[in-house]
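K.L.:
structural data only, the sequence is not supplied:
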DNA sequence: GCGGCGACCGCAAACATTTGCGGAAATGTT
DNA sequence: AACATTTCCGCAAATGTTTGCGGTCGCCGC
């Protein structure tokens, strides 16, 4: 079955050499317009398209990026992936998407897969306790472009693209001050994550300067823990008049608890989250949030990747500015 | 920079031929244990790993599946992708994920990309107005395994894996009957989609047999339309006592409207949705739903794909059974 | 009529791997 | 000692493409 067209088959049909056909198809000046036309016509007819594996073998260019995320099924990464896929395609690149499941071993596995498929660049949001630094360094030295996004390795010397976490939390703090909240419950995720530390520190830095503000910090591994934390907090004599949620996951737990209560948002208690906006929009009133757009971050990340590959001097760290989206929860 | 290890480099180090090294690494019986050991040791040391492009060129096997979805950022597909990625990896396959954006042209583009990368199989959920059938048929004939999932092309002669839409809707209808609801507002998505038709027809088939049940069907292109539909319906003299939502998107709109109203769920009005469960869990009370698990569907789809490639006789159509998950909205 | 020049095109190597075949040495069989 | 068999390994072709280099024409000018 002579199914797939190759340069060879075309050349045989036309009594030309393989190299002439190859050159004709890419408009090499050495080839006459006449033969070019003939070659192109037949190529079209035979539905020729270059065998990417042969090309890659020859040129060592795969036109593929590796994209490693903790999990695809995550509000934030979905939109990120969506953006990256779109823009990568525009530049003729495809994506190999891999999920680490927050497991460092799996993450390392994924990196090896990227190497195996000779990706030209890797976009990665690291898992907790990642030890991928060394491997990535080696890959970078061997010519693979590396861009960290969202969850980045601290002082790693790689290009990074991430949310302006300090800025977002600072913005949250100022918003809380504006609304004259006095008793704040601040809920965070895994305290070991840099994202948690940054957001917490920035928030506290502002709020702790105020003498008349009481602030209680708590860490919740998941929605349920957040729910429980709130349920307990609102039963105390002096219950919080504001809840700050560092993420969607936390927010979901918080809202579950509040709905079981009789408290009214925002009259009895106000809520502010950091989110990409989908979840906050589900509630009534809609929850006010500081926006962290996965989509925008994706656009930024792929842009940086392409620049990086063109050899621009490393900017090292890019921040995506944040903004407050007012719902009715404040 | 002699960076990447190749068979050639190993063979030169050991004064062996390339073929011997190749065979040694894959435990060919022709090679003595002694040389095998030596080769393997050096390979390990040099961090040799076969150049996938050379292998693919030779064998015409890419170990990659193409996965085409309308959009990655979609509750349902995320979990689907997640499952497929996991199971594909177990069998040594990687994924090339592409999104069509519900655009038939983009979809066709994606298919060509799959061909370009010589994927061994394609998993596809088609866009509306897809004309991919012919192309896919051609690909199938050229040896690419094809599995449709979720949104499938009608009577296409391909393997399909999808939700048991009729069953789910039938289950919903019986549930509604059980709770003795009499005035039902049934909200659906795009009426041209087969998924909409199936669910609608199955639902109506049961409910229309009952004389004392009034049922009003409405199509909503998005959340907002659903919201408006509900807002209008509940202002009528005889307002519905039950709302059926064919999808998460519809449900979100419905809930927005209901929250703005004074109606209490489930006392004043009850709600039932078809969903994968995430969104229904966000509300209070949690919304009862007929489960359509993207994750389970993904597991099924990749299983079918692998079977297909082993040459099992086509089962053609697989249905994922559904089940009722009781929240507090009934 | 010969050197030169430009226009076109082909040869062959290279990329890394797999695999049928054949060959040499070692061992075993009469 | 002659022959057969086994053990172990290398040659070379093949996959499809790219590209440096060289070669063959025809044509022009002197």
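P.N.:
Perfect, I can see it now. Note that this is a predicted model, so its numbers are computed, not measured.

K.L.:
only C-alpha atoms from now on, for both contacts and neighbour counts.
P.N.:
OK.

K.L.:
for residue A:34, the count of nearby residues, please.
P.N.:
The tally of other residues near residue A:34 (other Cα atoms under 10 Å in any protein chain shown) stands at 9.

K.L.:
quick one: residues contacting it.
P.N.:
If you count contacts by Cα atoms under 8 Å, 6 or more residues apart in numbering or on different chains, residue A:34 has none.

K.L.:
so where does it fall, helix or strand?
P.N.:
If you go by DSSP states H and E, residue A:34 is part of helix A:33-45.

K.L.:
buried stuff in that helix?
P.N.:
A:35, A:36, A:39, A:40, A:43 (16 or more other Cα atoms under 10 Å in any protein chain shown).

K.L.:
quick check, that helix touching DNA strand D?
P.N.:
No: using Cα under 7 Å from any atom of the strand, helix A:33-45 stays clear of DNA strand D, coming no nearer than 10.2 Å.

K.L.:
tell me the helix or strand right after that helix.
P.N.:
Per DSSP H and E, the helix or strand that comes after helix A:33-45 is helix A:52-59.

K.L.:
which residues does that following helix contact?
P.N.:
Contacts to helix A:52-59, defined as Cα under 8 Å, 6+ apart, come from residues A:61, A:62, B:53, B:54, B:56, B:57, B:116, B:117, B:118.

K.L.:
out of those, which are close to DNA strand C?
P.N.:
Restricting those to those touching DNA strand C (Cα under 7 Å from any atom of the strand) yields B:54, B:57.

K.L.:
any residues touching stretch A:288-300, and which ones?
P.N.:
With Cα under 8 Å, 6+ apart as the criterion, stretch A:288-300 contacts A:76-84, A:87, A:149, A:161-163, A:168, A:171-172, A:271-277, A:280, A:320, A:322-330.

K.L.:
could you give the mean pLDDT of stretch A:16-27?
P.N.:
For stretch A:16-27, the mean per-residue pLDDT is 90.

K.L.:
so the spatially most central residue of chain A, which state does it fall into?
P.N.:
With the centre of chain A defined as its mean C-alpha position, the nearest residue by Cα atoms, centre = their mean is residue A:80, 4.6 Å away. Of the three states, residue A:80 takes helix under DSSP: H, G, I helix; E, B strand; the rest coil.

K.L.:
next up, the contacts around it.
P.N.:
With contacts defined as Cα under 8 Å, 6+ apart, residue A:80 is in contact with A:294, A:295, A:296, A:297, A:298, A:299.

K.L.:
what pLDDT does the third one get?
P.N.:
Right, residue A:296. 92.

K.L.:
and it, what element?
P.N.:
Assigned by DSSP H and E, residue A:296 falls in helix A:294-309.

K.L.:
again, but for residue A:262
P.N.:
Applying DSSP H and E as the criterion places residue A:262 outside every helix and strand.

K.L.:
name the residues of the stretch 51-200 of chain A found near DNA strand D, please.
P.N.:
Residues of the stretch 51-200 of chain A lying close to DNA strand D (Cα under 7 Å from any atom of the strand) are A:51, A:52, A:54, A:55, A:57, A:58, A:59.

K.L.:
residue B:25: which of the residues you listed is nearest?
P.N.:
Set against residue B:25, the nearest of these by Cα to Cα is residue A:57 (20.9 Å).

K.L.:
so how many other residues sit close to that closest one?
P.N.:
Around residue A:57 there are 18 other residues, counting by other Cα under 10 Å.

K.L.:
how near is it to residue B:54?
P.N.:
Distance, residue A:57 to residue B:54, by Cα to Cα, to the nearest Å: 6 Å.

K.L.:
which non-adjacent residue is nearest the residue in the stretch 151-300 of chain A positioned nearest to DNA strand C?
P.N.:
At 26.8 Å from DNA strand C, residue A:158 is the closest residue in the stretch 151-300 of chain A, using Cα to the nearest atom of the strand. Among residues not flanking residue A:158 along the chain, residue A:316 sits closest, at 6.1 Å (Cα to Cα, 6 or more residues apart in numbering or on different chains).

K.L.:
kindly report the same for residue A:197.
P.N.:
Residue nearest to residue A:197 in three dimensions, not counting chain neighbours: residue A:191, with 6.4 Å by Cα to Cα, 6+ apart.

K.L.:
circling back to that earlier point, centre of the chain to the helix holding residue A:34, how far?
P.N.:
Put simply, helix A:33-45 sits 44 Å off its chain's centre (Cα atoms, centre = their mean, to the nearest Å).

K.L.:
anything in it near DNA strand C?
P.N.:
Yes: Helix A:33-45 reaches DNA strand C (Cα under 7 Å from any atom of the strand) through A:33, A:34, A:35, A:36.

K.L.:
next one, pLDDT for the residue nearest to residue A:197 please.
P.N.:
pLDDT, residue A:191: 90.

K.L.:
assumed it was part of a strand.
P.N.:
No: assessed with three-state DSSP, residue A:191 is coil; it does not lie in a strand.

K.L.:
can you give me the strands in the stretch 201-330 of chain A?
P.N.:
Secondary structure of the stretch 201-330 of chain A (DSSP state E, counting those that start in this stretch): strands at A:214-219, A:242-245, A:270-275, A:288-291, A:317-320, A:324-325.

K.L.:
sheet partners, orientation included, of the fourth one?
P.N.:
In the sheet containing strand A:288-291, the strands it pairs with under DSSP bridges are strand A:270-275 (parallel), strand A:324-325 (antiparallel).

K.L.:
what's stretch A:177-191 in contact with?
P.N.:
A:196-197, A:200, A:207, A:212-222, A:226, A:239-247, A:250, A:330.

K.L.:
those residues, buried ones only, as a PyMOL selection?
P.N.:
Restricted to buried positions by 16+ other Cα under 10 Å, the PyMOL selection for these reads:
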select buried, chain A and resi 196+197+200+207+215+219+220+222+226+239+240+241+242+243+244+245+246+247+250+330
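
K.L.:
so what's residue A:107 up against?
P.N.:
Counting by Cα under 8 Å, 6+ apart, residue A:107 touches A:68, A:99, A:100, A:101, A:126, A:127, A:130, A:132.

K.L.:
out of those residues, which are close to chain B?
P.N.:
Restricting the contacts of residue A:107 to those touching chain B (Cα under 8 Å from any Cα of the partner chain) yields residue A:99.
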